[in-house]
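> All I have is the shape, not the residue letters:
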């Protein structure tokens, strides 16, 4: 269920970002219009906490070397817009999408210069009609809600859930004092992978899973012994 929920959120964000991408292309010559696009993307989509159009360095001479209009949802729910105040071409969400030429999800990170939350970014390269690279159009999702949902999974006493990124970065850690990579043969692991490579894993102690079965076996033995005893008594007298 959690993996399906992650998939639904991912696919929804990807779809709406691709739908907005053509608007960026239509108004690429209007730098200030980018604020309107990113703001509407955040306002109209509950999953998305931030969005930017990060133009290639020097694209707008009048705006300086770097120009990246950004809109994000603040802690009080209001939408704020500003230009990203850092060297975004050096960041993974920009660099890898730029180099690969393909839309992709970034590894989770804490966005100090923008949304101020743990997030992952869907980055989509934008090109002109001559296939010249123009910018990276993004949509950010907060990981807090997913973390809370995964951390709350506890199907058995002393069981717990963890979540890892596609490259193995831990998003949801095991409870304090527990090691997810025990390898002690005393646990059962149930693992499911979302479309973007993130994995959700539930770890359950075998003894907890088998406890009810063991109780049932004891009851069966007791009733079997009693039943055989009654049969023996009846046959003895008759």
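Great, that's in hand. Given the structure is predicted, the values throughout are model-derived calculations rather than measurements.
> Figure out how far the longest helix seen in the chain is from the centre of its chain.
Longest helix of the chain, by residue count under DSSP state H: helix 206-237. Here helix 206-237 is found 48 Å from its chain centre; the criterion is Cα atoms, centre = their mean, to the nearest Å.
> where do the strands sit along the chain?
48-55, 69-73, 79-83, 104-105, 109-110, 118-127, 133-142, 160-164, 170-172, 187-193, 199-205 (DSSP state E).
> For residue 218, find the nearest of those.
strand 199-205 (19.4 Å; Cβ to Cβ). No exception for glycine: its C-beta is placed from N, CA and C like everyone else's.
> picking up where we left off before, so for residue 3, which of the strands of the chain sits nearest?
strand 187-193 (3.9 Å).
> now the closest one: mean pLDDT?
The average pLDDT within strand 187-193 is 76.
> So what angle separates the directions of that strand and strand 160-164?
40 degrees (axes from the mean of the first three to the mean of the last three Cα atoms, to 10 degrees).
> separation between the nearest residue to residue 190 once chain neighbours are set aside and residue 160?
Using Cβ to Cβ, 6 or more residues apart in numbering and skipping residues adjacent in sequence, the residue nearest residue 190 is residue 202, 4.6 Å away. Distance, residue 202 to residue 160, by Cβ to Cβ, to the nearest Å: 8 Å.
> which neighbours do the two share?
Residues touching both residue 202 and residue 160 (Cβ atoms under 8 Å, 6 or more residues apart in numbering): residue 153.
> rewinding a little: got the contact list for the residue nearest to residue 190?
Residues in contact with residue 202 (Cβ under 8 Å, 6+ apart) are 153, 155, 159-161, 189-190.
> closest to residue 88 among those?
residue 161 (33.6 Å).
> still on that earlier bit, among the strands of the chain, which is the most enclosed?
strand 48-55 (a mean of 26; mean count of other Cβ atoms under 10 Å).
> who touches that one?
Taking Cβ under 8 Å, 6+ apart as the rule, strand 48-55 contacts 13, 16-17, 24, 31, 34, 37-38, 41-42, 66-73, 84, 88-89, 94, 111, 114-115, 117, 119, 126, 134-142.
> can you list the residues that contact stretch 85-105?
10, 14, 17-18, 52, 54, 56-57, 66, 68, 106-107, 109, 113, 120-125, 133, 136, 138, 166, 196-197.
> any idea how far the residue lying closest to residue 166 once chain neighbours are set aside is from residue 187?
Of all residues not flanking residue 166 in the chain, residue 197 sits nearest, at 2.9 Å (Cβ to Cβ, 6+ apart). Remark: distance between residue 197 and residue 187 (Cβ to Cβ) = 24 Å.
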